[in-house]
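>>> Got a predicted structure plus its sequence, pasted below:
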Amino acid sequence: MARVILEIDTQLYRLLKSAAETNHLSLEEECCRRLMGAERQSRYLQALLAELRAEDEQRRAKSH
């Protein structure tokens with residue numbers, strides 16, 4: 001599996017992380033919520049979500 005490395009805006013990442021904690025969600029869930037909601041579609045969020053899913057798959061593969 002190829003590893004994807006994204007450069008992300010630190011302030012935006014912190015805002016997403018804070019929103020996830022406020023909403024009692026994981027970072028991935030917060031990104032999904034924003035992508036599915038009425039909020040602006042964001043290539044950044046789509047890329048971050050893809051990275052989070054890839055990391056989750058890698059963790060699962062290592063634990064089996």
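Alright, I've got the coordinates.
>>> any idea of the mean pLDDT in stretch 52-64?
Across stretch 52-64, pLDDT averages out at 85.
>>> do the same with stretch 9-16
For stretch 9-16, the mean per-residue pLDDT is 88.
>>> Give the buried residues for that stretch.
Residues of stretch 9-16 classed as buried by neighbour count (16 or more other CB atoms under 10 Å): L16. In this view, the C-beta of every residue, glycine as well, is placed from N, C-alpha and C.
>>> now swap in stretch 16-26 and tell me
For stretch 16-26, by 16+ other CB under 10 Å, it's L16, A20.
>>> what does that stretch contact?
For stretch 16-26, the external contacting residues (CB atoms under 8 Å, 6 or more residues apart in numbering) are L27, E29, E30, C31, R33, L45, L48.
>>> Equivalent analysis for stretch 30-38, please.
Contact partners of stretch 30-38, identified using CB under 8 Å, 6+ apart, comprise L16, A19, A20, N23, L25, Q41, S42, L45, Q46, L48, L49, L52.
>>> Can you show me the CA trace of stretch 55-64 as PDB?
What follows is stretch 55-64, C-alpha atoms only, in PDB (Å, rounded to 0.1, in the frame of the first residue of the first chain):
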ATOM      1  CA  GLU A  55      -4.100   5.300   8.300                       C
ATOM      2  CA  ASP A  56      -7.000   3.400   9.900                       C
ATOM      3  CA  GLU A  57      -6.700   0.600   7.300                       C
ATOM      4  CA  GLN A  58      -2.900   0.300   8.000                       C
ATOM      5  CA  ARG A  59      -3.600   0.100  11.800                       C
ATOM      6  CA  ARG A  60      -6.200  -2.600  11.200                       C
ATOM      7  CA  ALA A  61      -3.800  -4.600   9.000                       C
ATOM      8  CA  LYS A  62      -1.000  -4.400  11.500                       C
ATOM      9  CA  SER A  63      -3.200  -5.500  14.400                       C
ATOM     10  CA  HIS A  64      -4.400  -8.700  12.500                       C
END
